[in-house]
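In: Okay, sequence plus prediction incoming.
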Amino acid sequence: MENAIYAALTRQSGLMREMHSVANNIANANTAGFRREGVVFSEYMVALDGRGETLAMANGRGRLVDLAPGGMTQTNGRFDMAIDGEGFLMVQTPQGNRLTRAGAFMTNAEGELVNPDGYPLLDDGEAPIVIPAGVGSVGIGTDGTISADGSPIGRIGVFASPDPARLRHIAGTLFDPGGAVEPLDQAVLRQGFLEDSNVDPVLEIARMIEVQRAYQLGQSFLDQEDQRIRQTITSLTR
């Protein structure tokens, strides 16, 4: 197999990953708190047989999360919240603490605030938040202070956005921060709102068409190279 085919195959592999990423973005265009994700391509150099020459190949394994804020939708849910600006909420999962921008929560049987998957919302000390039994009203201040019947019971943790390069998408709207994160003192929370996905479906569809055409062009090159090699082998074996 010639070097040009190796280079084309690595490019095709990266384009396929980008197609999967774009398709996932489109599928989550209406998922509250979802963050658009893209593929980062880099050049990978390989030495050729010690001759001092190199072969450049595309490496499309990097991922980058788009941290641009989405719009806000008013729900009037007393446990719904949206971050107005940068930062992430934190939930506790069996695999460790995870960051999220999805702010739909409810109480479980123990009174803990949990997301739809049952993962507890954490305060600024990374401990679960418990709503006392029998309270009539719950308020969430813009600074994250949560009150039950007018009495403060804790403060919802909003954590600084980590470096997008080390922020790893786990599933749905959950992210592994890739290390320790610090509380964000200047964060603003809006009770009764949910943040929309930051995916622009029109731009993603346009990108899907662009990636598809690039993939088809690469496949056409590989088909032509395969045909050329077959013809060469046939002519040499006659």
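Out: Yes, it's here. As the structure is a computational prediction, the values presented were derived from the model and not from experiment.
In: Could you pull out the buried residues of the longest helix belonging to the chain?
Out: Determined from DSSP state H, the single longest helix within the chain is helix 201-236. Buried residues in helix 201-236, counted by 16 or more other C-beta atoms under 10 Å: E204, R207, M208, V211, A214, Y215, G218, F221. Where you see a C-beta, it was placed from the backbone N, CA and C, and this is true even at glycine.
In: how about low-confidence regions in this structure?
Out: The model of the chain has pLDDT under 70 over residues 1-4, 6, 41-46, 48-53, 55-62, 238.
In: Tell me the secondary structure at the residue nearest the centre of it.
Out: Most central in the chain under C-alpha atoms, centre = their mean is H169, positioned 4.3 Å from the mean C-alpha point. In terms of secondary structure, H169 is strand; the call rests on DSSP: H, G, I helix; E, B strand; the rest coil.
In: Pretty sure it sits against R63.
Out: Yes - H169 lies in contact with R63 (C-beta atoms under 8 Å); the separation is 6.8 Å.
In: Quickly list what's touching both of those two.
Out: By the contact definition C-beta atoms under 8 Å, 6 or more residues apart in numbering, H169 and R63 are jointly contacted by E37.
In: Give the bridge partners for E195, please.
Out: Here E195 sits in beta bridges with M72, going by DSSP bridges.
In: Could I get the contacting residues of G96?
Out: For G96, the set of contacting residues under the criterion of C-beta under 8 Å, 6+ apart consists of D176.
In: oh, I was asking about G85
Out: Taking C-beta under 8 Å, 6+ apart, we find G85 in contact with P69, Q186, A187, V188.
In: Work out for me the element the second one sits within.
Out: Translated: Q186. Using DSSP states H and E, no element contains Q186; it sits outside every helix and strand.
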